[in-house]
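Asks: predicted model follows, preceded by the sequence.
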Amino acid sequence: LRSGETGASTMGIQEKIKEIEAEMARTQKNKATNYHLGRLKGKIALLRSQLISESKTSGKAGEGFDVAKSGDARVAMIGFPSVGKSTLLSTLTKTKSQAAAYAFTTLTCIPGVVDYNNAKIQLLDLPGIIEGASKGKGRGKQVIAVARTSDLILMVVEAAKAEVQMRLLTKELEDVGIRINTETPDIAYTVKKTGGIKFNSTVELTHCDEKLCRDILQLHRIYNADILFRGDYTVDQFIDVVEGNRKYMRCLYVINKVDTITVGEMDRLARLNDTVVISAHWKLNMEFLLAKMWTYLDVVRLYTKPRGKRPDFSDPVVLPRGTTVMDVCNHIHKDFAKRFKTANVWGTSAKHVPQSVGIKHQLHDEDVIQLMTKPGK
């Protein structure tokens, strides 16, 4: 009975979303309707949050796709069935993933390891998803949940249908709160116990105003909060901040099977933002794909130097760009930061070689670091 009630409830929420989307499609977009459209977007965001929370609490148990995270970074490949993800995995790694000329060849998550720039990158071949995956079709929610745990998404699409598939897949990810290739909105938002709603902005707002923000907060039953816009953001971006469960991720669109289209069409697709054109079958443009993946992962390689020994340049510590000496200490062992004394750094972040630096010093790619610690108790 409980399962039936949950199914009915989920269907009811989806119907409400469809009704609001239909109303939005009928509404003409202009200054006079901006406020009305903003409220409708707020209602949809609230309903989608309910849908996600219901699926987490009442979803049926089943075979999971989760794989233990290993290596220095994780990259997840997602795409529709038969776009060549398995062939690409077999080409880039030593892992053999079943590839065939029919849909749904891969039924679970298959991991592989790419060795690049002395770093080990875990590459996940996820099962093909279908339109409506964000609503649970074809176990799509499980696939997307694994993608959320990755450091980079490779959206693999077929060259002949590239732009349609890119648009549909991006929509599926957005529906479950994944925002790709966009910056986190610089909106300071703090919920309080009392004091009402205080609204401020450091720039002129052209997409959103105080009245609309207040109404969206009321939809979420929030009546006391401080809001500060530090940029001219849209109502959708404000809703994302209020929801608080959005994941901002880098995504690289991998357009496969370019050997099936004309040179002119391939050239046009190659010039689109965040894209790489390849042929996994013929192993075309693989090196450029790996170089682009590395750029999008945005990491730095750091080499540790034990006292009195040479650094090991074959085994770097790989961490996100912007890493400090403290991050390196925490990565090696949690006690290192507590016992930290000083560090010697060789590389482009050092003013002279070697430079003695503090724990807040920001490191650059291929820096060598020697940590000095206080004696343990």
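Replies: Nice, I can see it. Numbering: from 1, shown residues only.

Asks: what residues of stretch 166-182 count as buried?
Replies: 166, 168-170, 172-180 (16 or more other Cβ atoms under 10 Å). Placement of C-beta: from N, CA and C, glycine included.

Asks: same check, this time on stretch 269-284
Replies: Buried positions in stretch 269-284, judged by neighbour count with 16+ other Cβ under 10 Å: 269, 275, 276, 277, 278, 279, 280.

Asks: what's the local residue count around the residue nearest to the fifth one when sequence neighbours are not counted?
Replies: So the one you mean is residue 278. In space, and not counting its chain neighbours, residue 278 is closest to residue 285: 4.5 Å by Cβ to Cβ, 6 or more residues apart in numbering. By the measure other Cβ atoms under 10 Å, the count of residues near residue 285 is 18.

Asks: can you pull the contacts of residue 285?
Replies: Listed by Cβ atoms under 8 Å, 6 or more residues apart in numbering, the contact partners of residue 285 are 276, 277, 278, 279.

Asks: over to it: give its phi and psi.
Replies: In terms of degrees, to the nearest 10, the main-chain angles of residue 285 are phi 70, psi 20.

Asks: thinking again about what came up before, the contacts of residue 285 in helices, which ones?
Replies: Applying DSSP state H to those, no entry is found in helices.

Asks: format these as TSV; extra columns: distance to residue 366 and pLDDT.
Replies: Listed next are the contacts of residue 285 as TSV, based on distance: Cβ to Cβ, whole Å; pLDDT from 0 to 100:
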residue	distance to residue 366	pLDDT
276	24	98
277	30	98
278	28	98
279	32	97
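
Asks: closest one of those to residue 291?
Replies: residue 276 (9.3 Å; Cβ to Cβ).

Asks: now do the contacts for the closest one.
Replies: Going by Cβ under 8 Å, 6+ apart, residue 276 touches 252, 253, 254, 255, 270, 285, 288, 289, 292.

Asks: what about the first one, neighbour count?
Replies: As a burial measure, residue 252 scores 21 neighbours (other Cβ under 10 Å).

Asks: mind jotting down where the strands sit in the stretch 101-250 of the chain?
Replies: In the stretch 101-250 of the chain, the segments counted as strands under DSSP state E, counting those that start in this stretch are 110-116, 119-125, 152-158, 178-180, 187-191, 197-201, 225-229, 247-249.

Asks: that older thread, distance check, the residue nearest to residue 278 against residue 91.
Replies: 11 Å (Cβ to Cβ, to the nearest Å).

Asks: same question for residue 177.
Replies: According to Cβ to Cβ, residue 177 stands 32 Å off from residue 91.

Asks: just residue 154 next, same as before
Replies: Residue 154 is 13 Å from residue 91, where distance means Cβ to Cβ.

Asks: nothing else from me, thank you.
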